[in-house]
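Student: predicted structure and sequence below. I'll ask about it afterward.
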Amino acid sequence: MKNPMTPQNLLEQILQIQLVLEFGLRIGFDFVRRLCILSGSVQENRFMAKLTVRDLNAGGRRVFVRVDYNVPLEEKGGRMAITDATRIVATLPTLRLLSDQGAKLILAAHLGRPKGKREASMSLRPVAERLAELLVRPVAFVDDCIGEKVEKTVGVMKPGDVVLLENVRFHPEEEKNDPAFAEKLAKAADMYVDDAFGAAHRAHASTEGVARVVAGRGGQCAAGLLMERELKFLGEELEHPARPFLVLLGGAKVSDKIQVIDRLLEKADSLLIGGAMAYTFRLAQGLKTGISLVEPDKTEVAKAALAKAKKRGVKFLLPLDDVVATPVKTDKMDKKGKPIIEYQNARVNADLNCPEDAAGLDIGPATVGAYAQEVASAKTILWNGPMGLFEDKRFAEGTNAVARAVAQATRQHGAKSIIGGGDSVKALNKAKLGDQVTFMSTGGGASLEFLEGKELPGVAVLNDR
């Protein structure tokens, strides 16, 4: 039988707790943080403070900087030209900070999917030229990322100099995270900085292996300023959002985002669905989807998401109407060798059932109005994925209207708007609204995996503060 609680026993327990707290504070133990971790409100590994470039003394040091220069290119006048330099611009603060400190910057990146072979169309040479224009200083380019040419170029660098190495994916060892290849990449590096959030979900040689090599030699491995901002907005800001917290999700497949949906249903006040993924939800509700892109095998997943939203009191909105068209195959082929589909008889469909001969390609005007009203009342907004086939002007109004609503809520109502990378960023930039939101992530797959709660190898390998 337990001893009965007496005033004396209570006093003794209070004194014991006080002694434990005092000792813990003396050794620097964070009781509040530990309680939060134990309760699940803080994910220690994901949000633990990482060393950043602000913590480095990089003067005169050779710093290997992994950047994300996987930018869109197109051929113009016989040369490859950059059509969107957003990712390059995003790295400038980190590069300027290190260069101003007198660091010698060795930049590495990938471009496209060359599958371990040299592809002239995927060379980073045009990126070096654009970077030099943006930095307003010379940027040397080496047509390989390992070997004697790299060593000689780095050997003559002066404090503040910048060199960009050739596409790391020209070597098959990069994506295999080959230790010997990582050693070669890191040969001329004293420090490692990762500013490539968009590639942080890949455990490749330049995103994870090099950091291990540098750390093994006693070098510091830190996050760049862009990486720091990505972790702040996609992590800390969404962990405790100002409310109402609204999530806009678009894109093609429920399967691509079901883990994100499931996780965000734990936090969001409202979740708005657009894009082709909306038709899998419609199918789950017993509605006709015509020849829209759907995933019949994911209807149970969609039903589970709807049930969870109802149970948690999350407002879960699906399109009220849509813009549909009839797809017609042509004899034309795109750059990837796939047949080009033409869409005919584009029209607004006010019925929740899609016509048998049509595919849904955008949200309709009634949905735009309903979604814009929800966005206007939100204090935190997370948007990932377009509302339709926005590359075609006939099916771009839904995405553009959502972009305007998000920008307006940010500008006029002080909402914090976070754009989760990929096509949402493209849509905002295309609408010239990119500078009117709080933060645009440079990550596509990395943003999704981080929002799902997964640990990113490129982040985990960096030094903790």
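Tutor: Arrived safely, thanks for sending. Note that the coordinates shown come from a computational prediction; the quantities given were computed from them, not determined experimentally.
Student: where exactly do the helices run in the stretch 51-200 of the chain?
Tutor: 86-101, 125-135, 148-155, 179-185 (DSSP state H, counting those that start in this stretch).
Student: turn those into TSV, including mean pLDDT and distance to Leu428.
Tutor: Just so you know, the C-beta spots here come from the backbone N, C-alpha and C atoms, and that holds for glycine as well. Formatted as TSV, the helices of the stretch 51-200 of the chain follow (pLDDT from 0 to 100; distance: least, Cβ to Cβ, whole Å):
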stretch	mean pLDDT	distance to Leu428
helix 86-101	94	10
helix 125-135	96	20
helix 148-155	96	37
helix 179-185	97	34
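Student: nearest to Ser447, of these?
Tutor: Proximity to Ser447 (Cβ to Cβ) singles out helix 86-101 among the helices of the stretch 51-200 of the chain, at 13.1 Å.
Student: other SSEs contacting the closest one?
Tutor: Packed against helix 86-101, as judged by 3 or more Cβ pairs under 8 Å, 6 or more residues apart in numbering; DSSP states H and E, are the following elements: strand 62-66, strand 104-108, helix 125-135, helix 225-231.
Student: thought Ser201 was touching Glu449?
Tutor: Quick fix: residue 201 is His, not Ser. Yes: when contacts are counted by Cβ atoms under 8 Å, His201 is listed as touching Glu449 (4.6 Å).
Student: so which of the two has more stuff around it?
Tutor: Ranked by neighbour count (other Cβ atoms under 10 Å), His201 and Glu449 place His201 first, with 22 against 18.
Student: ok, the more buried one - contacts?
Tutor: By Cβ atoms under 8 Å, 6 or more residues apart in numbering, the residues touching His201 are Gly443, Gly445, Ala446, Glu449, Phe450, Lys454, Leu456, Pro457, Gly458.
Student: report pLDDT for the second one.
Tutor: Each residue has a pLDDT score; the one for Gly445 is 83.
Student: so what's the residue count around the closest residue to Phe439 other than its chain neighbours?
Tutor: With sequence-adjacent residues excluded and distances taken as Cβ to Cβ, 6 or more residues apart in numbering, Phe439 is closest to Phe233, at 4.4 Å. Phe233: 20 surrounding residues under other Cβ under 10 Å.
Student: again with Tyr343
Tutor: Neighbouring residues of Tyr343 were enumerated by other Cβ under 10 Å; the total is 18.
Student: does the residue nearest to it when sequence neighbours are not counted lie in a helix or a strand, and which?
Tutor: The spatial neighbour of Tyr343 that comes closest, neighbours along the chain excluded (Cβ to Cβ, 6+ apart), is Ala325 at 3.8 Å. Ala325 belongs to strand 322-333 when assigned by DSSP states H and E.
Student: which helices and strands does that strand pack with?
Tutor: strand 339-349, strand 359-363.
Student: mind redoing it with 10 Å?
Tutor: Other elements packing on strand 322-333 under the criterion 3 or more Cβ pairs under 10 Å, 6 or more residues apart in numbering; DSSP states H and E are helix 277-284, strand 339-349, strand 359-363, helix 365-376, helix 397-413.
Student: most tightly surrounded among these?
Tutor: strand 359-363 (a mean of 27; mean count of other Cβ atoms under 10 Å).
Student: now that one, how far from the chain's geometric center?
Tutor: 25 Å (Cα atoms, centre = their mean, to the nearest Å).
Student: ok, now stretch 69-87?
Tutor: 21 Å.
Student: just stretch 248-265 next, same as before
Tutor: Taking Cα atoms, centre = their mean, one finds stretch 248-265 lying 14 Å from the centre of the chain it belongs to.
Student: what does stretch 176-183 give?
Tutor: Centroid separation between stretch 176-183 and its chain, computed with Cα atoms, centre = their mean, is 25 Å.
Student: excluding chain neighbours, what is closest to Pro49?
Tutor: One correction, residue 49 is Ala, not Pro. Closest to Ala49 by Cβ to Cβ, 6+ apart is Arg465, at 4.5 Å.
Student: er, Ala188 actually
Tutor: Nearest to Ala188 is Val154, by Cβ to Cβ, 6+ apart, at 4.3 Å.
Student: quick revisit: the residue nearest to Ala49: how many residues sit nearby?
Tutor: For Arg465, the count of nearby residues is 10 (other Cβ under 10 Å).
Student: list the residues that contact it.
Tutor: The contact partners of Arg465, taken as Cβ atoms under 10 Å, 6 or more residues apart in numbering, are Met48, Ala49, Lys50, Leu51, Thr52, Asp55, Ala222.
Student: test my guess that the third one contacts Glu230.
Tutor: No: applying Cβ atoms under 10 Å, one finds Lys50 not in contact with Glu230, separated by 11.2 Å.
Student: which of the two has more neighbours?
Tutor: With neighbours defined as other Cβ under 10 Å, Lys50 and Glu230 compare such that Glu230 has more, 28 against 20.
Student: which residues does the more buried one contact?
Tutor: 90, 195-198, 200, 223-224, 421, 439, 441-443, 446-447, 450, 456, 459.
Student: please repeat the previous calculation with a cut-off of 7 Å.
Tutor: Residues counted as contacts of Glu230 (Cβ atoms under 7 Å, 6 or more residues apart in numbering) are Phe197, Ser441, Gly443.
Student: try Leu165
Tutor: By Cβ under 7 Å, 6+ apart, the contact list for Leu165 reads Ile106, Leu107, Ala108, Val142, Cys145, Val150.
Student: so which of these is the most crowded?
Tutor: Tallying neighbours with other Cβ under 10 Å puts Ile106 at the head of these, with 30 neighbours.
Student: now the strand holding Ala325: buried residues?
Tutor: By neighbour count on 16 or more other Cβ atoms under 10 Å, the buried set for strand 322-333 is Asp322, Val323, Val324, Ala325, Thr326.
Student: can I get these in JSON lines with pLDDT and distance to Lys76?
Tutor: Shown next, in JSON lines, are these (pLDDT from 0 to 100; distance: Cβ to Cβ, whole Å):
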{"residue": "Asp322", "pLDDT": "97", "distance to Lys76": "36"}
{"residue": "Val323", "pLDDT": "97", "distance to Lys76": "32"}
{"residue": "Val324", "pLDDT": "97", "distance to Lys76": "35"}
{"residue": "Ala325", "pLDDT": "96", "distance to Lys76": "31"}
{"residue": "Thr326", "pLDDT": "96", "distance to Lys76": "34"}
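Student: possible to save those as JSON lines with distance to Lys117?
Tutor: Listed next are these as JSON lines, based on distance: Cβ to Cβ, whole Å:
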{"residue": "Asp322", "distance to Lys117": "43"}
{"residue": "Val323", "distance to Lys117": "42"}
{"residue": "Val324", "distance to Lys117": "42"}
{"residue": "Ala325", "distance to Lys117": "39"}
{"residue": "Thr326", "distance to Lys117": "40"}
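Student: ok, so of the residues you listed, who is nearest Gly112?
Tutor: Using Cβ to Cβ, Ala325 is the member of the buried residues of strand 322-333 that sits closest to Gly112, with 30.7 Å.
Student: the closest residue to Val406 other than its chain neighbours: how many residues sit nearby?
Tutor: Distance criterion Cβ to Cβ, 6+ apart; nearest residue to Val406, sequence neighbours excluded, is Ser417 at 5.1 Å. Neighbour count of Ser417, defined by other Cβ under 10 Å: 26.
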